[in-house]
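*Asks:* next come a sequence and a model predicted from it.
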Amino acid sequence: KTNTFTDLLTNEPFTRDDIITIQDPKNLDKFNIQKFAHLKNEWKLDDEDEKARRTDPNYFLKSINHETAATLDPIRSCDRQPLQPR
């Protein structure tokens with residue numbers, strides 16, 4: 001029958017108001033990026049591991065060839081001291 005809602009496992013009756021809509025393609029407000037709470041409130045996820053990786057100069061290099069790696073190895077191995085003003 002139409003409009004007869006019963007749970008398939010327990011045969012417990014329920015109403016249309018008990019149904020939760022997970023995806024609604026007709027609701028266009030969900031596609032509005034300006035209404036997303038994390039963008040509206042500028043929430044950021046602070047990850048300590050990510051901050052530590054960003055301090056590594058190689059973090060931003062996707063891939064390097066052998067010549068570049070050979071050039072960067074001596075630079076990485078020496079102790080870098082800050083430049084002294086003259």
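*Replies:* On my side now, so go ahead.
*Asks:* need the helices for this protein, in chain order.
*Replies:* 37-40, 48-54, 66-77 (DSSP state H).
*Asks:* looking at these, which is nearest to residue 3?
*Replies:* With Cβ to Cβ as the criterion, residue 3 lies closest to helix 37-40 of the helices of the chain, at 35.4 Å. In this view, the C-beta of every residue, glycine as well, is placed from N, C-alpha and C.
*Asks:* quick check: the gap between residue 55 and residue 71.
*Replies:* 21 Å (Cβ to Cβ, to the nearest Å).
*Asks:* ok, residue 33 next?
*Replies:* Counting by Cβ to Cβ - residue 33 and residue 71 are separated by 43 Å.
*Asks:* out of those two, which sits in the busier spot?
*Replies:* Using other Cβ atoms under 10 Å, the more surrounded residue of residue 33 and residue 71 is residue 71, with 11 against 7.
*Asks:* strands of the chain, start to end?
*Replies:* Under the criterion DSSP state E, the chain carries no strands.
*Asks:* hey, which helix or strand in it has the poorest pLDDT?
*Replies:* Within the chain, no helix or strand scores below helix 48-54, which has a mean of 80 by mean pLDDT, DSSP states H and E.
*Asks:* if we go by neighbour counts, what in it is buried?
*Replies:* Across helix 48-54, burial judged by 16 or more other Cβ atoms under 10 Å covers no residue at all.
*Asks:* mind saving the C-alpha coords of that helix as CSV?
*Replies:* Provided in CSV are the C-alpha atoms of helix 48-54 (Å, rounded to 0.1, in the frame of the first residue of the first chain):
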residue,chain,number,x,y,z
GLU,A,48,51.4,19.6,13.9
ASP,A,49,53.0,17.0,11.5
GLU,A,50,52.0,19.2,8.5
LYS,A,51,53.6,22.3,10.1
ALA,A,52,56.8,20.3,10.7
ARG,A,53,56.9,19.0,7.1
ARG,A,54,56.4,22.6,5.7
